[in-house]
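Chemist: The amino acid sequence is not available; the structure is as follows:
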(Lines give C-alpha, C1' and ligand atoms only; values in the text may rest on other atoms or scores of the structure.)
Protein backbone atom coordinates (compact mmCIF):
# COMPACT_ATOMS: atom_id res chain seq x y z
CA UNK A 1 0.00 0.00 0.00
CA UNK A 2 2.93 2.34 0.71
CA UNK A 3 4.11 1.70 -2.84
CA UNK A 4 0.67 2.64 -4.22
CA UNK A 5 0.56 5.84 -2.16
CA UNK A 6 4.05 6.74 -3.36
CA UNK A 7 3.01 6.21 -6.98
CA UNK A 8 -0.01 8.46 -6.46
CA UNK A 9 2.21 11.13 -4.91
CA UNK A 10 4.79 11.00 -7.67
CA UNK A 11 2.60 10.63 -10.72
CA UNK A 12 -0.91 11.94 -10.05
CA UNK A 13 -1.72 14.81 -12.37
CA UNK A 14 -4.80 16.47 -13.75
CA UNK A 15 -6.42 14.71 -16.72
CA UNK A 16 -8.91 16.73 -18.70
CA UNK A 17 -12.17 14.98 -19.46
CA UNK A 18 -14.21 16.42 -22.28
CA UNK A 19 -17.89 16.70 -21.48
CA UNK A 20 -18.79 19.51 -23.87
CA UNK A 21 -20.40 19.12 -27.25
CA UNK A 22 -17.73 20.12 -29.72
CA UNK A 23 -19.44 21.46 -32.82
CA UNK A 24 -16.44 23.27 -34.28
CA UNK A 25 -12.73 22.77 -34.60
CA UNK A 26 -10.37 25.71 -35.17
CA UNK A 27 -7.31 25.14 -37.35
CA UNK A 28 -4.50 27.53 -38.36
CA UNK A 29 -4.81 29.24 -41.73
CA UNK A 30 -1.01 29.30 -41.75
CA UNK A 31 1.22 26.94 -39.81
CA UNK A 32 3.89 28.65 -37.71
CA UNK A 33 6.74 26.79 -39.40
CA UNK A 34 5.77 28.06 -42.89
CA UNK A 35 5.97 31.58 -44.33
CA UNK A 36 2.76 31.32 -46.35
CA UNK A 37 -0.80 30.11 -45.86
CA UNK A 38 -1.82 26.67 -47.11
CA UNK A 39 1.74 25.68 -48.01
CA UNK A 40 1.68 22.46 -50.06
CA UNK A 41 -2.12 22.38 -49.57
CA UNK A 42 -1.63 21.18 -45.98
CA UNK A 43 -4.23 23.47 -44.41
CA UNK A 44 -6.84 22.21 -46.88
CA UNK A 45 -5.73 18.63 -46.16
CA UNK A 46 -6.18 19.24 -42.43
CA UNK A 47 -9.57 20.89 -42.97
CA UNK A 48 -10.77 17.97 -45.09
CA UNK A 49 -9.75 15.42 -42.44
CA UNK A 50 -11.65 17.13 -39.63
CA UNK A 51 -14.72 17.64 -41.82
CA UNK A 52 -14.79 13.89 -42.43
CA UNK A 53 -14.65 13.47 -38.63
CA UNK A 54 -17.93 15.43 -38.42
CA UNK A 55 -16.74 18.91 -37.43
CA UNK A 56 -17.47 22.34 -38.82
CA UNK A 57 -13.94 23.54 -39.51
CA UNK A 58 -13.06 27.21 -38.99
CA UNK A 59 -9.73 28.81 -39.85
CA UNK A 60 -8.33 30.92 -37.02
CA UNK A 61 -8.41 34.00 -39.28
CA UNK A 62 -12.09 33.54 -40.26
CA UNK A 63 -14.99 35.46 -38.75
CA UNK A 64 -16.54 33.15 -36.16
CA UNK A 65 -20.25 32.22 -36.34
CA UNK A 66 -22.37 33.97 -33.71
CA UNK A 67 -22.79 30.90 -31.50
CA UNK A 68 -19.05 30.25 -31.52
CA UNK A 69 -18.25 33.90 -30.85
CA UNK A 70 -20.57 33.77 -27.82
CA UNK A 71 -19.22 30.43 -26.59
CA UNK A 72 -15.69 29.61 -27.70
CA UNK A 73 -15.78 26.49 -25.57
CA UNK A 74 -18.00 24.85 -28.19
CA UNK A 75 -14.86 24.39 -30.31
CA UNK A 76 -11.71 22.33 -30.21
CA UNK A 77 -8.42 24.01 -31.07
CA UNK A 78 -5.64 22.54 -33.18
CA UNK A 79 -1.93 23.05 -32.64
CA UNK A 80 0.61 21.56 -35.04
CA UNK A 81 4.20 20.90 -34.02
CA UNK A 82 7.12 20.33 -36.38
CA UNK A 83 10.27 18.50 -35.33
CA UNK A 84 12.38 18.01 -38.43
CA UNK A 85 16.03 17.55 -39.31
CA UNK A 86 18.08 16.80 -42.42
CA UNK A 87 16.87 13.18 -42.51
CA UNK A 88 13.29 13.23 -41.22
CA UNK A 89 10.22 15.45 -41.35
CA UNK A 90 8.10 14.95 -38.22
CA UNK A 91 4.64 16.40 -37.53
CA UNK A 92 2.48 16.11 -34.39
CA UNK A 93 -1.05 17.42 -33.82
CA UNK A 94 -2.31 18.60 -30.43
CA UNK A 95 -6.05 18.96 -29.77
CA UNK A 96 -6.95 21.36 -26.97
CA UNK A 97 -10.10 22.85 -25.44
CA UNK A 98 -10.88 26.52 -24.87
CA UNK A 99 -8.97 26.48 -21.57
CA UNK A 100 -5.83 25.16 -23.27
CA UNK A 101 -6.24 21.71 -21.72
CA UNK A 102 -4.57 19.06 -23.86
CA UNK A 103 -7.21 16.49 -24.85
CA UNK A 104 -5.37 14.45 -27.45
CA UNK A 105 -1.93 14.20 -29.04
CA UNK A 106 -1.57 12.46 -32.36
CA UNK A 107 1.00 9.88 -33.27
CA UNK A 108 4.14 11.45 -34.74
CA UNK A 109 3.88 11.51 -38.52
CA UNK A 110 7.29 10.85 -40.06
CA UNK A 111 8.70 10.96 -43.58
CA UNK A 112 12.23 10.47 -44.84
CA UNK A 113 11.46 11.71 -48.33
CA UNK A 114 13.93 14.37 -49.48
CA UNK A 115 11.30 16.25 -51.48
CA UNK A 116 9.71 18.74 -49.08
CA UNK A 117 6.19 18.69 -50.49
CA UNK A 118 5.96 14.90 -50.44
CA UNK A 119 7.61 14.66 -47.01
CA UNK A 120 5.19 17.13 -45.40
CA UNK A 121 2.17 15.51 -47.04
CA UNK A 122 3.21 12.05 -45.83
CA UNK A 123 3.92 13.20 -42.27
CA UNK A 124 0.69 15.23 -42.04
CA UNK A 125 -1.42 12.33 -43.31
CA UNK A 126 0.16 9.85 -40.90
CA UNK A 127 -0.40 12.14 -37.90
CA UNK A 128 -3.99 12.93 -38.91
CA UNK A 129 -4.96 9.32 -39.57
CA UNK A 130 -3.75 8.34 -36.08
CA UNK A 131 -6.55 10.52 -34.61
CA UNK A 132 -9.33 8.97 -36.70
CA UNK A 133 -12.32 8.07 -34.51
CA UNK A 134 -10.80 9.55 -31.34
CA UNK A 135 -12.43 13.00 -31.51
CA UNK A 136 -16.08 12.04 -31.04
CA UNK A 137 -16.84 13.93 -27.86
CA UNK A 138 -20.59 14.10 -27.17
CA UNK A 139 -22.78 16.14 -24.78
CA UNK A 140 -23.77 13.00 -22.87
CA UNK A 141 -20.21 11.72 -22.67
CA UNK A 142 -20.21 12.09 -18.91
CA UNK A 143 -18.57 9.54 -16.71
CA UNK A 144 -21.24 7.56 -14.90
CA UNK A 145 -21.10 4.64 -12.48
CA UNK A 146 -20.79 1.36 -14.32
CA UNK A 147 -23.45 -0.22 -12.10
CA UNK A 148 -24.82 0.19 -8.61
CA UNK A 149 -21.82 -0.88 -6.55
CA UNK A 150 -21.78 -3.56 -3.89
CA UNK A 151 -19.57 -2.46 -1.02
CA UNK A 152 -17.47 -5.21 0.53
CA UNK A 153 -15.11 -4.73 3.44
CA UNK A 154 -11.65 -6.07 2.66
CA UNK A 155 -10.37 -8.53 5.27
CA UNK A 156 -6.67 -7.92 4.71
CA UNK A 157 -4.38 -6.75 7.49
CA UNK A 158 -2.81 -3.26 7.54
CA UNK A 159 -5.43 -1.64 5.26
CA UNK A 160 -8.71 0.19 5.72
CA UNK A 161 -9.60 0.10 2.02
CA UNK A 162 -13.19 -0.42 0.91
CA UNK A 163 -13.71 -2.63 -2.16
CA UNK A 164 -16.36 -1.68 -4.74
CA UNK A 165 -17.22 -4.35 -7.31
CA UNK A 166 -18.48 -3.31 -10.76
CA UNK A 167 -19.71 -5.96 -13.18
CA UNK A 168 -19.89 -4.30 -16.61
CA UNK A 169 -17.10 -4.92 -19.11
CA UNK A 170 -15.00 -1.99 -20.28
CA UNK A 171 -12.78 -1.85 -23.33
CA UNK A 172 -9.47 0.04 -23.63
CA UNK A 173 -9.02 2.31 -26.67
CA UNK A 174 -5.47 3.68 -27.14
CA UNK A 175 -4.95 7.44 -26.95
CA UNK A 176 -1.82 9.51 -26.51
CA UNK A 177 0.11 8.28 -23.44
CA UNK A 178 -2.60 5.88 -22.32
CA UNK A 179 -6.15 4.66 -22.94
CA UNK A 180 -9.77 5.68 -22.66
CA UNK A 181 -11.96 2.98 -21.14
CA UNK A 182 -15.36 2.74 -22.80
CA UNK A 183 -18.47 0.63 -22.27
CA UNK A 184 -20.44 -1.18 -24.97
CA UNK A 185 -22.35 1.93 -26.18
CA UNK A 186 -19.47 3.13 -26.38
CA UNK A 187 -19.31 5.86 -23.73
CA UNK A 188 -16.09 6.92 -22.08
CA UNK A 189 -16.05 5.82 -18.44
CA UNK A 190 -12.47 6.54 -17.48
CA UNK A 191 -9.25 8.05 -18.85
CA UNK A 192 -5.95 6.46 -17.87
CA UNK A 193 -2.37 7.54 -18.55
CA UNK A 194 0.75 5.42 -18.46
CA UNK A 195 3.38 5.68 -15.73
CA UNK A 196 6.90 4.28 -15.43
CA UNK A 197 5.52 1.45 -13.28
CA UNK A 198 4.22 -1.69 -14.97
CA UNK A 199 0.43 -2.20 -14.76
CA UNK A 200 -0.10 1.13 -12.99
CA UNK A 201 -1.94 4.04 -14.65
CA UNK A 202 -2.90 7.54 -13.55
CA UNK A 203 -6.69 7.50 -13.76
CA UNK A 204 -9.54 10.01 -13.98
CA UNK A 205 -13.20 9.02 -13.54
CA UNK A 206 -15.49 12.04 -13.67
CA UNK A 207 -14.12 14.34 -10.94
CA UNK A 208 -12.22 11.55 -9.15
CA UNK A 209 -8.45 11.21 -9.59
CA UNK A 210 -6.64 8.05 -8.61
CA UNK A 211 -4.71 5.12 -10.03
CA UNK A 212 -5.71 2.05 -12.03
CA UNK A 213 -3.52 -0.88 -11.07
CA UNK A 214 -3.37 -4.63 -11.50
CA UNK A 215 -3.12 -6.93 -8.49
CA UNK A 216 -3.98 -10.60 -8.07
CA UNK A 217 -4.73 -10.74 -11.83
CA UNK A 218 -7.52 -8.13 -11.52
CA UNK A 219 -7.73 -4.38 -12.19
CA UNK A 220 -8.64 -1.88 -9.46
CA UNK A 221 -9.35 1.86 -9.54
CA UNK A 222 -8.03 3.22 -6.23
CA UNK A 223 -8.59 6.69 -4.83
CA UNK A 224 -9.17 8.51 -1.55
CA UNK A 225 -12.56 9.73 -0.36
CA UNK A 226 -11.43 12.02 2.42
CA UNK A 227 -9.12 9.84 4.51
CA UNK A 228 -10.73 6.61 3.33
CA UNK A 229 -9.06 4.53 0.62
CA UNK A 230 -11.54 3.19 -1.95
CA UNK A 231 -10.57 0.25 -4.16
CA UNK A 232 -13.01 -0.25 -7.05
CA UNK A 233 -12.68 -3.42 -9.10
CA UNK A 234 -12.80 -2.74 -12.85
CA UNK A 235 -13.51 -5.32 -15.55
CA UNK A 236 -11.47 -4.11 -18.51
CA UNK A 237 -9.96 -5.65 -21.63
CA UNK A 238 -6.73 -4.09 -22.92
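Modeler: The structure has been received and is ready for your questions. What you see is a predicted model, and the numbers here were worked out from it, not measured in a lab.
Chemist: Looking at stretch 129-139 now, give me its mean pLDDT.
Modeler: For stretch 129-139, the per-residue pLDDT values average out at 75.
Chemist: Grab the nearest non-local neighbour of residue 84.
Modeler: Taking Cβ to Cβ, 6 or more residues apart in numbering as the measure, residue 84 lies nearest to residue 90, with 5.7 Å between them; neighbours along the chain are not counted. Backbone N, C-alpha and C define where each C-beta goes, glycine included.
Chemist: A strand includes the one you found, no?
Modeler: Yes. Assessed by DSSP: H, G, I helix; E, B strand; the rest coil, residue 90 belongs to a strand.
Chemist: number of nearby residues for it?
Modeler: By the measure other Cβ atoms under 10 Å, the count of residues near residue 90 is 17.
Chemist: Would you mark the buried spots in stretch 120-130?
Modeler: 120-128, 130 (16 or more other Cβ atoms under 10 Å).
Chemist: and what of stretch 39-50?
Modeler: 40, 42-43, 46-47, 49-50.
Chemist: From those residues, which land in strands?
Modeler: Using DSSP state E, no member of the buried residues of stretch 39-50 sits in strands.
Chemist: need the strands for this protein, in chain order.
Modeler: According to DSSP E, the strands that the chain contains are 24-27, 56-59, 75-82, 89-96, 102-105, 109-111, 150-153, 162-175, 178-182, 188-194, 200-205, 208-215, 218-225, 228-237.
Chemist: In the chain, where's the longest helix?
Modeler: Secondary structure assigned by DSSP state H gives helix 116-129 as the longest helix of the chain.
Chemist: Tabulate the strands of the chain in JSON lines, adding columns for distance to residue 68.
Modeler: Formatted as JSON lines, the strands of the chain follow (distance: least, Cβ to Cβ, whole Å):
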{"stretch": "strand 24-27", "distance to residue 68": "5"}
{"stretch": "strand 56-59", "distance to residue 68": "7"}
{"stretch": "strand 75-82", "distance to residue 68": "6"}
{"stretch": "strand 89-96", "distance to residue 68": "16"}
{"stretch": "strand 102-105", "distance to residue 68": "18"}
{"stretch": "strand 109-111", "distance to residue 68": "28"}
{"stretch": "strand 150-153", "distance to residue 68": "45"}
{"stretch": "strand 162-175", "distance to residue 68": "26"}
{"stretch": "strand 178-182", "distance to residue 68": "26"}
{"stretch": "strand 188-194", "distance to residue 68": "24"}
{"stretch": "strand 200-205", "distance to residue 68": "27"}
{"stretch": "strand 208-215", "distance to residue 68": "31"}
{"stretch": "strand 218-225", "distance to residue 68": "36"}
{"stretch": "strand 228-237", "distance to residue 68": "37"}
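Chemist: among these, which is nearest residue 33?
Modeler: strand 75-82 (4.3 Å; Cβ to Cβ).
Chemist: Residue 47 and residue 33, how far apart?
Modeler: 18 Å (Cβ to Cβ, to the nearest Å).
Chemist: Below-threshold pLDDT in this protein: ranges please.
Modeler: 1-21, 137-168 (pLDDT under 70).
Chemist: how's it carved up into domains?
Modeler: Using automatic domain parsing, the domain parsing of the chain gives 2-16+143-237, 24-129.
Chemist: Take these and lay them out in a markdown table including distance to residue 136.
Modeler: Below are the domains of the chain laid out as a markdown table (distance: least, Cβ to Cβ, whole Å):
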| stretch | distance to residue 136 |
| --- | --- |
| domain 2-16+143-237 | 9 |
| domain 24-129 | 7 |
